[in-house]
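# How does the following fold in three dimensions:
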Amino acid sequence: MRMLDRGFLSVFVAILYFFCLNTPGALAGSLAGKTYIIEMSSSQSASGYAEYLVPPMVRALDAAGLKSKNGPGADLVVNLVTNSDVGQWMKTKSGREWIYTVRITAGISRPSYSIPYEGTPEFGAELTLLTPNSDREDELACMIRLAVETAIAHYKPVGRYKASGQQCLRQ
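Here you go, the predicted model:
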């Protein structure tokens, strides 16, 4: 009977360990201390858009305990994919308003993964914001911070995590 108890205990501990490692918090902790490089698309860099994207991204990565690596040999490659539509009329609390859908994906990939031209990462957290002004820098910075935090909190080697970015809406 005693061996059965030890066997049961071993299985129980193994299952508990598995579930603890697969919670978002445990995965986020596994990224702390990892090194990263940022990969920007040529259009983000050439247009000057990277000047708006990189600072809030770096602040969020540093706050999560990741360390910037200048050059090859980083543990992770992080990138941002931004998208906004041309807007449409939508019913709001104040009547009808022209509303834009803004999407930001914070990506985390292995260095061996070749990020394609459109920027799709191995894992990404995609946030969506409905806003009457798609050019607000404060909303953009908030969305980037939130997307990076979400990507780190829900990181897994492959996949996509979708969430709302409405908390970044400024009126």
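
# How about the contacts made by the residue nearest to Val148 when sequence neighbours are not counted?
Nearest non-adjacent residue to Val148, counting by C-beta to C-beta, 6 or more residues apart in numbering: Ala60, 3.7 Å away. The C-beta positions use only the backbone N, C-alpha and C, and glycine is treated the same way. By C-beta atoms under 8 Å, 6 or more residues apart in numbering, the contact set of Ala60 is Ile144, Arg145, Val148, Glu149, Ile152.

# Of those residues, select the buried ones using a ChimeraX command.
Filtering the contacts of Ala60 down to the buried ones (16 or more other C-beta atoms under 10 Å) takes a single ChimeraX command:
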select :144,145,148,149,152
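
# Would you reformat the contacts of Ala60 as TSV and include secondary structure and pLDDT?
Output for the contacts of Ala60, formatted as TSV (DSSP: H, G, I helix; E, B strand; the rest coil; pLDDT from 0 to 100):
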residue	secondary structure	pLDDT
Ile144	helix	98
Arg145	helix	98
Val148	helix	98
Glu149	helix	97
Ile152	helix	97
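
# could you pull out the helices for the protein?
In the chain, the helices defined using DSSP state H lie at 2-21, 24-31, 42-47, 50-63, 137-153.

# tell me the mean pLDDT over stretch 127-135?
The average pLDDT within stretch 127-135 is 95.
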